[in-house]
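Enquirer: predicted model and sequence follow; I will ask about them next.
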There are 2 protein chains.
Amino acid sequence: MTEYVGTATPVGSAYVARTPGVNVSSATVRSDMVALERDGYLVQPHTSAGRIPTDKGYRFFVDHLAPAGILGTPQRQRVKRFFDRVHGEMEDMLERASTLLSELTPYAAVVVSPSHGSATVRSVQLVSLAPRLVLLVVVLSDGAVEKRTLELDEGLSEEELGRLSTRLVQGLVGCDLDGAAELVPDAGGASSTFLESVGRALHEIARAEESDQVYLGGPSRLAEAFDAVETVRSVLSILEQQLVVVTLLRDVLDRGLSVAIGTEHGFEPLASCAVVVAPVSVGDNETGAVGLLGPTRMNYPQALAAAHVVSSELSERMNDAFGHHRGGDRGGH
Amino acid sequence: MTEYVGTATPVGSAYVARTPGVNVSSATVRSDMVALERDGYLVQPHTSAGRIPTDKGYRFFVDHLAPAGILGTPQRQRVKRFFDRVHGEMEDMLERASTLLSELTPYAAVVVSPSHGSATVRSVQLVSLAPRLVLLVVVLSDGAVEKRTLELDEGLSEEELGRLSTRLVQGLVGCDLDGAAELVPDAGGASSTFLESVGRALHEIARAEESDQVYLGGPSRLAEAFDAVETVRSVLSILEQQLVVVTLLRDVLDRGLSVAIGTEHGFEPLASCAVVVAPVSVGDNETGAVGLLGPTRMNYPQALAAAHVVSSELSERMNDAFGHHRGGDRGGH
DNA sequence: ACTGGCAGTCGGTAGAATCAAGTGCCAGTT
DNA sequence: AACTGGCACTTGATTCTACCGACTGCCAGT
């Protein structure tokens, strides 16, 4: 009987009784409903309107009788096409994946990039841009590239830069970022103030790499999902704070959930929302995530299916690219 | 008399007459208003409600009697602090500038990064990530760094990569991207299929560099500015299409405008919006832009002031960093 | 050229009446 | 014991009406 919770909004006993598959009269449905309401799975917004599920009701639905969501074939094809065609770099893929996900569903999508935690330095290069301007380019073992401009007091010749680059590469390859940052100033010598600024830059980079990138897909979907403009505004303004989003998703995942309904994540301002999450794992640890954000009355099977497809495809792609050489083997020498 | 157009919404003759500085009676105001309405500067939504300005009215306002907007001191300080503190890279700065701009006003902000048009290749590097995985890292003269992963059929040793890198650097530094992409396959020799893929990657990069990056700041501001949720949705969904945004802004700038009200930009879906734009010029050509998007009844002086401050500060910063070595001098050798 | 006065127009709001959906309960049936 | 049909009742939505208030247009008067 409760199967009919997941679909729509305020629904009355007569409607349920009329539904094919339910061969009882509205009166019976009614008495069941009072039971469900007593137990907190349903509420009626006001006497004599249909009942709507409570958060608890949705929770029961997703836990016990969610009809293992399946994506429609057109949507499956869309996903397939997308992942067949991805060509660019990871950042690009994640960004576009967030859009994809939002287009597979009527909800807003979020993608949190896996953090580079254990990545090591693979290359360090100094490139002169202008007389007193040098660009520090760092390549990490997971394929991430970071750069930072350095301003110098005295000019440095190309050769000096080349020498320094070589020295840095030799000294730092294989370290993790923090280690590298610590190491640099010691490599000292002639232009040590310059090396100090390299060290600072490396620290900055290390910090930047820690903070995960968040990609927001299809924010306009929020304006479809909620009809109170004020709700839209507040949810949007929360999504603008990327840190909050990351924390939220990670928190939900850490608690072993893939769905957080209403107040289940302890985050007050999103009480009218539900969040569907799926981890993106690269190597053996789950550090990234994809998420969907919609009203509590969302289509959970669909959302779960979409999130899972995208997250697993993403994981696969990322492992193909960078994952398999994590646990030991790392290139040829 | 018309000074009172810019401020609020439906306003009647009595209100205007009461306004300090207007020493005429409501009857006089009324007769002036019929004139203004006849000429198309005002409309009344229905008989006997106040009048509201038409797009033409707003246009007249911004063109002829906009009270040269000045930012409040707290806001000026905010801008100052922001630009004193910027430290990261350009992308970062632009992204955060879009947020800043949206926070200086109650409108959504857009920042379009200056395109790298005439940038030349400054460095090319091949970094091995895994046995058959190589990362191509290209540094451009304007400080942009692009990367692309290449999958190989056969493994290449570090030394071979090093040799290739050196060869590429020597051959390509100073070319623009397209030139470089053309040049590569010719440098041929042993592993020419590999070089071909490098060439393809360079082409991709060249294409990627052409398409300007768009940063959207404070989308939630749209939900404040419009009270019809449907409007919010449609405007948001337009902002999701970055290409449209770029085209729109550029088009407005090309027509020598800094404000486009209602249908002035020929873009139907944004007929209920006004756009305020300011160019960001690096070197001598204006290629970037900042913009504000709000309802036609926006506070134009404020918006203009904010956009101008941010755009000029951005221009300055970007010229400091990369602009001054554009027209000739390019580094030390 | 401006003003005060006055009739007229409408949109918005409050209140009453009506409607329709849905409930709770109960006696009756299987 | 479970289910059903019937019925009185509640209550949010809808519609209608009357009314109020905010304006306007116009005009005669300074």
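Expert: Perfect, I can see it now. Numbering: from 1, shown residues only, chains lettered A, B, ... in the order given.

Enquirer: just the buried positions in stretch A:212-231, please.
Expert: Applying a neighbour-count criterion of 16 or more other CB atoms under 10 Å in any protein chain shown, the buried positions in stretch A:212-231 are A:212-226, A:229, A:231. For the C-beta atoms, the positions are set from N, CA and C on the backbone; glycine is no exception.

Enquirer: could you check whether that stretch is close to DNA strand D?
Expert: No: with CB under 7 Å from any atom of the strand as the measure, stretch A:212-231 is seen stopping short of DNA strand D, the closest distance being 12.8 Å.

Enquirer: about what we covered before: restricted to strands, list the buried residues of stretch A:212-231.
Expert: Using DSSP state E to define strands, the subset of those located there is A:214-217.

Enquirer: want to try a markdown table for the residues you listed, with distance to DNA strand C as columns?
Expert: Formatted as a markdown table, the entries for these read as follows, by distance: CB to the nearest atom of the strand, whole Å:
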| residue | distance to DNA strand C |
| --- | --- |
| A:Val214 | 41 |
| A:Tyr215 | 40 |
| A:Leu216 | 36 |
| A:Gly217 | 35 |
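
Enquirer: tell me the two of those residues that are most distant?
Expert: Taking every pair in those and measuring CB to CB, the maximum separation is 10.5 Å, between A:Val214 and A:Gly217.

Enquirer: can you pull out the strands in the stretch 1-150 of chain A?
Expert: In chain order, the stretch 1-150 of chain A shows strands spanning A:42-43, A:52-53, A:108-112, A:121-130, A:133-140, A:145-151, with DSSP state E, counting those that start in this stretch as the criterion.

Enquirer: output the helix or strand containing A:Gly288 as CSV, nothing but the C-alphas.
Expert: For A:Gly288, the element it lies in under DSSP states H and E is strand A:285-295. Taking only C-alpha atoms (Å, rounded to 0.1, in the frame of the first residue of the first chain), the coordinates of strand A:285-295 have been written out as CSV:
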residue,chain,number,x,y,z
ASN,A,285,39.8,5.3,-1.1
GLU,A,286,36.6,7.2,-1.7
THR,A,287,37.4,10.8,-1.7
GLY,A,288,35.2,12.3,-4.4
ALA,A,289,31.5,12.4,-4.6
VAL,A,290,28.6,13.2,-6.8
GLY,A,291,25.4,14.4,-5.4
LEU,A,292,21.9,15.5,-6.3
LEU,A,293,20.0,18.1,-4.5
GLY,A,294,16.2,18.4,-4.8
PRO,A,295,13.1,18.6,-2.7
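
Enquirer: avg pLDDT for that strand?
Expert: Confidence over strand A:285-295 (mean pLDDT, whole number) is 90.

Enquirer: which regions of the stretch 151-300 of chain A sit below the pLDDT cut-off?
Expert: Residue ranges of the stretch 151-300 of chain A with pLDDT under 70: A:184-192.

Enquirer: ok, which residues in it are in contact with chain B?
Expert: On the criterion CB under 8 Å from any CB of the partner chain, chain B has as its neighbours in the stretch 151-300 of chain A the residues A:155-158, A:204, A:208, A:218-220, A:222-224, A:226-230, A:232-234, A:236-237, A:239-240.

Enquirer: now do A:Leu164 against DNA strand C, distance only.
Expert: 71 Å (CB to the nearest atom of the strand, to the nearest Å).

Enquirer: tell me the confidence at the closest residue to that residue other than its chain neighbours?
Expert: The spatial neighbour of A:Leu164 that comes closest, neighbours along the chain excluded (CB to CB, 6 or more residues apart in numbering or on different chains), is A:Leu126 at 5.8 Å. For A:Leu126, the pLDDT comes out at 91.

Enquirer: what sits against A:Leu126?
Expert: Contacts were defined as CB atoms under 8 Å, 6 or more residues apart in numbering or on different chains; by that measure A:Leu126 touches A:134-137, A:161-162, A:164-165, A:168.

Enquirer: just A:Thr105 next, same as before
Expert: Residues counted as contacts of A:Thr105 (CB under 8 Å, 6+ apart) are A:221, A:292, A:294, A:299, A:302-303, A:306.

Enquirer: just the closest of these to DNA strand D, please.
Expert: A:Gly294 (22.4 Å; CB to the nearest atom of the strand).

Enquirer: ranges for the helices of chain A?
Expert: Counting by DSSP state H, chain A has helices at residues A:13-18, A:26-38, A:55-64, A:73-85, A:90-104, A:158-172, A:177-183, A:192-210, A:220-225, A:229-239, A:242-254, A:300-318.

Enquirer: and these, which is most packed in?
Expert: Relative to the other members of the helices of chain A, helix A:220-225 carries the highest mean neighbour count by mean count of other CB atoms under 10 Å in any protein chain shown, namely a mean of 24.

Enquirer: check which helices and strands that helix sits against.
Expert: When contacts are defined as 3 or more CB pairs under 8 Å, 6 or more residues apart in numbering or on different chains; DSSP states H and E, helix A:220-225 sits against strand A:108-112, helix A:229-239, strand A:285-295, helix B:229-239.

Enquirer: which one, of those, ends up nearest to B:Met93?
Expert: Evaluated over those, closeness to B:Met93 peaks at helix B:229-239, with 20.5 Å, by CB to CB.

Enquirer: interface residues of the stretch 51-200 of chain A facing DNA strand C?
Expert: Close to DNA strand C, as judged by CB under 7 Å from any atom of the strand, the stretch 51-200 of chain A has residues A:Arg51.

Enquirer: contacts for stretch A:255-263, please.
Expert: Outside stretch A:255-263, the residues within contact range by CB under 8 Å, 6+ apart are A:55, A:58-59, A:62, A:252, A:264, A:271-278, A:296, A:300, A:304, A:307.

Enquirer: swap in 7 Å and give it another go.
Expert: Stretch A:255-263 is contacted from outside by A:55, A:58-59, A:62, A:252, A:271, A:274-278, A:296, A:300, A:304, using CB atoms under 7 Å, 6 or more residues apart in numbering or on different chains.

Enquirer: and these, which is closest to DNA strand D?
Expert: When those are compared for distance to DNA strand D (CB to the nearest atom of the strand), A:Thr296 comes out closest, at 18.9 Å.

Enquirer: which residue sits closest to that closest one in space, ignoring its chain neighbours?
Expert: Spatial nearest neighbour of A:Thr296, chain neighbours left out: A:Ala274 (4.6 Å); criterion: CB to CB, 6+ apart.

Enquirer: what are the structural domain limits within chain A?
Expert: Domain assignment for chain A by automatic domain parsing gives A:2-64, A:73-115+A:212-323, A:121-210.

Enquirer: quick one, what contacts A:Arg85?
Expert: Residues in contact with A:Arg85 (CB under 7 Å, 6+ apart): none are found.

Enquirer: how much space between it and DNA strand D?
Expert: 47 Å.

Enquirer: okay, the contacts of A:Thr105 in JSON lines with distance to A:Phe82 next?
Expert: Listed next are those as JSON lines, based on distance: CB to CB, whole Å:
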{"residue": "A:Arg221", "distance to A:Phe82": "18"}
{"residue": "A:Leu292", "distance to A:Phe82": "16"}
{"residue": "A:Gly294", "distance to A:Phe82": "21"}
{"residue": "A:Asn299", "distance to A:Phe82": "21"}
{"residue": "A:Gln302", "distance to A:Phe82": "17"}
{"residue": "A:Ala303", "distance to A:Phe82": "18"}
{"residue": "A:Ala306", "distance to A:Phe82": "12"}
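
Enquirer: and of those residues, the nearest to chain B?
Expert: Distances from chain B to the contacts of A:Thr105, taken as CB to the nearest CB, are shortest for A:Arg221 (8.4 Å).

Enquirer: correct me if wrong: that closest one contacts A:Leu101.
Expert: No: checked against CB atoms under 7 Å, the pair A:Arg221 and A:Leu101 is beyond contact range at 10.1 Å.
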